[in-house]
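Enquirer: Mind folding the following:
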Amino acid sequence: MFVRYLEEHNSTIRSPASKVFFPLVASSVSFRTATAFLGRSINRHHTLNKYTHLKIQSRLKMGWSDTWSDILDGGSQRWKVTDEESHMKVFSHFQTFVQKDPSDTHVLCPLAGDDPFVYLLFSQGYSVSAIDLVPEAIEELKNTFKCSSEEDWKKEESDNSLVWKHASGRATFIVGDALQKRPELVGKFDAVYDKDSFGALPKSLRKGFCARISEFTKKGGLIYLECKLKNNHEEVVNVGPPFSLKAENLMEEDNFGANFDYVKGLGSVYDLSVGMVANMQQTGHVMKKN
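Expert: Just a heads-up that it's a prediction; the model follows:
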């Protein structure tokens, strides 16, 4: 749901909220040819990068908007987990490792879609911030805050993003690119809740994602991450999304390994719906910013 640089021809990316995917048609060969044609001007090179990024982001936004329109019109809910039992299992895991008082804990939820777990955290006293590229997703996330009315949300615009702030001061939702540098978020978060976001990304985008997560997380901060583990992992490790992931994949140097220590693998954290993904598990992992 976000892009910084597209490095692979016809790379694929999907929304962890909607769990569908589509191709990005952009050629790295064309990119290099265009760059060479422009000459050695650094300024021009940066301008091209920025233009390419904005063009791809616009294409992504259109695709995800179509997906959310389908969801809101009663279509397939994709891989949403909405049952309270599963959420309470996750919350138990989360609190086992994130032990600070909720009133002193700010949680980042990247690519959250309309995940009800964000409101669960809020209702338990945590401060929450979510980032998603699609306005419809953030609108649905706002709607999960059943204790609130539209008057409780204040809209601001900042750095190519739309920002919604809750009157409580404990919820901030950003409509924008999750890979964008955001100085105001550096070192702000005590914990990160990632449900299937990293597992949605092709390898070409993982380094940038992990770099932003590292920047935004305080030293000693924790990541609670969920991802898919397929039964035939070794055969399909490069097939996705969703991508099959183990601890060693998460902790590669270009991923979380550069700035996080692996704390614990939680195994299967809850059962997936029958028929949803019969050949895979929903696994949990905990990492700590070093």
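
Enquirer: contacting residues for E184?
Expert: S158 (CB atoms under 8 Å, 6 or more residues apart in numbering). C-beta coordinates here come from the backbone N, C-alpha and C atoms, glycine included.

Enquirer: Wait, a helix at it?
Expert: Yes. Under DSSP: H, G, I helix; E, B strand; the rest coil, E184 sits within a helix.

Enquirer: how much space between it and N259?
Expert: Using CB to CB, to the nearest Å, E184 is found at 20 Å from N259.

Enquirer: Likewise for K207?
Expert: Taken as CB to CB, the span from K207 to N259 is 11 Å.

Enquirer: With K146 instead?
Expert: 36 Å.

Enquirer: quick one: which of those two has more around it?
Expert: Using other CB atoms under 10 Å as the criterion, K146 and N259 rank with N259 on top: 18 against 7.

Enquirer: How many neighbouring residues does the residue lying closest to that one once chain neighbours are set aside have?
Expert: The shortest distance from N259 to any non-neighbouring residue, by CB to CB, 6 or more residues apart in numbering, is to S214 (4.1 Å). S214 sits with 18 neighbouring residues when counted by other CB under 10 Å.

Enquirer: For S214, give me its contacts.
Expert: Applying CB under 8 Å, 6+ apart to S214 gives the contacts F256, A258, N259, F260, K289.

Enquirer: Measure how buried F198 is and give me the count.
Expert: 26.

Enquirer: residues contacting it?
Expert: R206, F209, C210, L225, C227, L245, L250, N255.

Enquirer: Run through the helices of the stretch 101-250 of the chain in chain order.
Expert: Assigned by DSSP state H, counting those that start in this stretch, the helices in the stretch 101-250 of the chain fall at 116-123, 135-143, 203-216, 233-236, 247-250.

Enquirer: Just give me how far the third one sits from the chain centre.
Expert: Pointing back at helix 203-216 there. Offset of helix 203-216 from its chain centre (CA atoms, centre = their mean, to the nearest Å): 10 Å.
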